[in-house]
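Trainee: pasting the structure only:
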């Protein structure tokens, strides 16, 4: 005894239209992080208050070198920084070289590349002073 086969019509998916891009963003950038990017003048003003921090060559990150008396102190501070960055949801790159800790704060990734410097990054840098 054969069961009757049921045919289900398959319709092609409807064409989906993308919403318009918000004004003022860089081409291809629709992320909220892009809205939070600061202009270079504002970044320089904020960095002037954080003398140990420097803008990266590409302008998408800020960097600092902490020098400690012992390498184990640098390791402990790296662990602290990593945990703090996690709690702030802040992308951070840490590099230990002897008793020196190199800290780089990047903007949140936007379409595969790092975003620009934001107030949140600079606020986090102030916490690490």
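Mentor: The structure has been received and is ready for your questions. In this text the structure is predicted, and so the values were computed from the model without any measurement.

Trainee: Give me the secondary structure label for residue 63.
Mentor: Under DSSP: H, G, I helix; E, B strand; the rest coil, residue 63 falls in the strand class.

Trainee: Pull the number of nearby residues for residue 89.
Mentor: 9 (other C-beta atoms under 10 Å). Where you see a C-beta, it was placed from the backbone N, CA and C, and this is true even at glycine.

Trainee: and the gap between it and residue 118?
Mentor: Summarising the geometry, the distance separating residue 89 from residue 118, computed by C-beta to C-beta, to the nearest Å, is 12 Å.

Trainee: next one: residue 64
Mentor: From residue 64 to residue 118 the distance is 16 Å (C-beta to C-beta).

Trainee: what does residue 90 give?
Mentor: With distances defined as C-beta to C-beta, the gap from residue 90 to residue 118 amounts to 10 Å.

Trainee: can you list residues touching both of those two?
Mentor: Shared contacts of residue 90 and residue 118, defined by C-beta atoms under 8 Å, 6 or more residues apart in numbering, are not found at any residue.

Trainee: Do a quick rundown of the helices in this structure.
Mentor: 32-36, 40-48, 71-88, 119-127 (DSSP state H).
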